[in-house]
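Trainee: got a structure for you, letters missing:
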Ligand SMILES: NC(=O)C1=CN([C@@H]2O[C@H](COP(=O)(O)OP(=O)(O)OC[C@H]3O[C@@H](n4cnc5c(N)ncnc54)[C@H](OP(=O)(O)O)[C@@H]3O)[C@@H](O)[C@H]2O)C=CC1
Ligand SMILES: O=C(O)/C=C\C(=O)CC(=O)O
């Protein structure tokens, strides 16, 4: 049975090597005259390049973005936007910088022009996250969806290979979960499969040559598609686990996605076998979960939670948190099976394909009926 609701919520996208040359025109199209440029401290040279290209349309540079948007940084950026009379925010960087732009937009409604240099995909979503007193709160608001995105693969050429791989797998995770999202639709399925394929083919090309032209093009293209999926349909167990591990135990964002994804896919494999076949085909593997684990390993990415800062004594708490306010998932959440999943992920073992039960009270996924 085919049933879905589809609504188009997408920014204007310019994808081009050297896309920054369109910056002035694009800011003008937003109706803006005073842009506040945002970046992390380390990406200040890129922010200054953007400021230079903006010329008189640049109101200032705020290069203080940090991971997970602490409320103090958000307040400082909002104050700075007011102080310089900004009428738009131009965010150059990864999810941390774009997240800071979203924090400004959430309060002021200023339009955002995003220039992503990682593959996290925040530029395509109306999702924001702000951390206060050690707790990250996320929400959705149409005001934080960037109005324009400039994708320039040349700007990601400096992203180190290891970061490119984990960031690329972060993107693949959005698409993989989009394929079994309860509110998914055929358009997002097409984007998801193409996004996974592009990243699975692009990432290995960066291994010996991180500035490989076609490799960077493919990865950024894949990131755009996967980010679009994240922005349009709901996520499931994998994202819930990653948000739990990142939020409660401060594990690094993209690395956590990289370690967890094969195990989350294995957990859901029997509930949505058709989806798993499609993912396997997209990554060129016989089976989705093991294929993802092998892909990560072959690219030298972390495969063990213990190698990215997890403590074994925190696994029980992680299960508890992951089953509280759970995201809809095709297979029901069972504490014992989740503990098994995390034990394997902790030790860096291949995903376990055993001990699975029928979909039961999970939503069963659309993949059960859609080919
Ligand atoms: N709201 C949403 O829809 C989404 C939000 N997110 C959020 O975004 C954050 C993760 O995003 P992610 O992009 O992984 O993280 P960051 O923005 O923190 O970037 C990750 C790393 O990439 C480096 N980097 C970025 N650009 C370059 C470049 N051009 N050259 C060299 N290095 C570069 C950064 O270095 P440095 O710090 O030194 O600049 C940083 O170490 C998390 O907080 C996550 O929750 C992620 C996905 C979607
Ligand atoms: O936590 C956020 O800022 C919002 C969403 C994400 O981080 C998506 C993801 O897990 O990559």
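Mentor: Sure thing, it's come through. All values reported here derive from a predicted model rather than from experimental measurement. Ligands and ions are numbered 1, 2, ... in the order given.

Trainee: what's around the nearest residue in space to residue 54 that is not next to it in sequence, how many residues?
Mentor: For residue 54, ignoring the flanking residues on the chain, the nearest one in space by CB to CB, 6 or more residues apart in numbering is residue 35 at 5.6 Å. Glycine gets a C-beta too; all of them are placed from N, C-alpha and C. By other CB atoms under 10 Å, 28 other residues sit near residue 35.

Trainee: kindly report the same for residue 205.
Mentor: Residue 205 has 17 neighbouring residues, counting by other CB under 10 Å.

Trainee: quick one: contacts for it?
Mentor: Applying CB atoms under 8 Å, 6 or more residues apart in numbering to residue 205 gives the contacts 212, 214, 215, 218.

Trainee: for the residues you listed, which one is nearest ligand 2?
Mentor: Top of the list for closeness to ligand 2, among the contacts of residue 205 and by CB to the nearest ligand atom, is residue 218 at 19.9 Å.

Trainee: verify the stated contact: that closest one with residue 198.
Mentor: Yes - Residue 218 is within contact range of residue 198, at 4.7 Å (criterion: CB atoms under 8 Å).

Trainee: please compute how far stretch 313-332 lies from its chain's middle.
Mentor: Taking CA atoms, centre = their mean, to the nearest Å, one finds stretch 313-332 lying 20 Å from the centre of the chain it belongs to.

Trainee: is ligand 2 within reach of that stretch?
Mentor: No - Stretch 313-332 is not in contact with ligand 2 by CB under 6 Å from any ligand atom; minimum separation 10.9 Å.

Trainee: in ChimeraX, how would I select the buried members of the contacts of residue 205?
Mentor: Of the contacts of residue 205, the buried ones go into a single ChimeraX selection, burial set by 16 or more other CB atoms under 10 Å:
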select :212,215,218
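
Trainee: re the thing from before, for the residue nearest to residue 54, give its distance to residue 232.
Mentor: Going from residue 35 to residue 232 by CB to CB, to the nearest Å gives 27 Å.

Trainee: rewinding a little: which of the contacts of residue 205 sit farthest apart?
Mentor: Spatially, the most separated pair among the contacts of residue 205 is 212 and 218, at 9.1 Å (CB to CB).

Trainee: close to ligand 1: what parts of the protein are there?
Mentor: Proximity of the chain to ligand 1 (CB under 6 Å from any ligand atom) is limited to residues 40, 42-43, 67-68, 93-97, 99, 117-118, 120-122, 125, 127-129, 155-156, 158-159, 163, 167, 230, 253-254.

Trainee: list buried residues within these.
Mentor: Looks like the residues of the chain next to ligand 1 have 40, 43, 67-68, 93-97, 99, 117-118, 120-122, 125, 127-129, 155-156, 159, 163, 167, 230, 253-254 buried, using 16+ other CB under 10 Å.

Trainee: ok, the residue in the stretch 1-150 of the chain that ligand 2 sits nearest to - contacts?
Mentor: Closest contact between the stretch 1-150 of the chain and ligand 2, by CB to the nearest ligand atom, is at residue 129 (2.8 Å). Contact analysis of residue 129 by CB under 8 Å, 6+ apart lists 68, 69, 99, 136, 137, 138, 139.

Trainee: residues contacting the closest residue to it other than its chain neighbours?
Mentor: Nearest non-adjacent residue to residue 129, counting by CB to CB, 6+ apart: residue 138, 4.3 Å away. Counting by CB under 8 Å, 6+ apart, residue 138 makes contact with 127, 128, 129, 243.

Trainee: tell me the secondary structure for residue 138?
Mentor: Judged by DSSP: H, G, I helix; E, B strand; the rest coil, the three-state class of residue 138 is strand.

Trainee: distance check, it against residue 107.
Mentor: Residue 138 is 16 Å from residue 107, by CB to CB.

Trainee: same check on residue 206?
Mentor: Distance of residue 206 to residue 107, computed by CB to CB: 37 Å.

Trainee: for the stretch 151-300 of the chain, just list every one of the helices.
Mentor: 161-178, 186-205, 213-232, 237-249, 253-268, 273-283, 288-298 (DSSP state H, counting those that start in this stretch).

Trainee: any idea of the angle the third one forms with helix 186-205?
Mentor: Here helix 213-232 runs at an angle of 150 degrees relative to helix 186-205 (axes from the mean of the first three to the mean of the last three CA atoms, to 10 degrees).

Trainee: let me know how buried the residue nearest to residue 254 when sequence neighbours are not counted is, in neighbour terms.
Mentor: Once flanking residues are discounted, residue 254 sits nearest to residue 166: 3.8 Å by CB to CB, 6+ apart. Neighbours of residue 166 under the rule other CB under 10 Å: 25.
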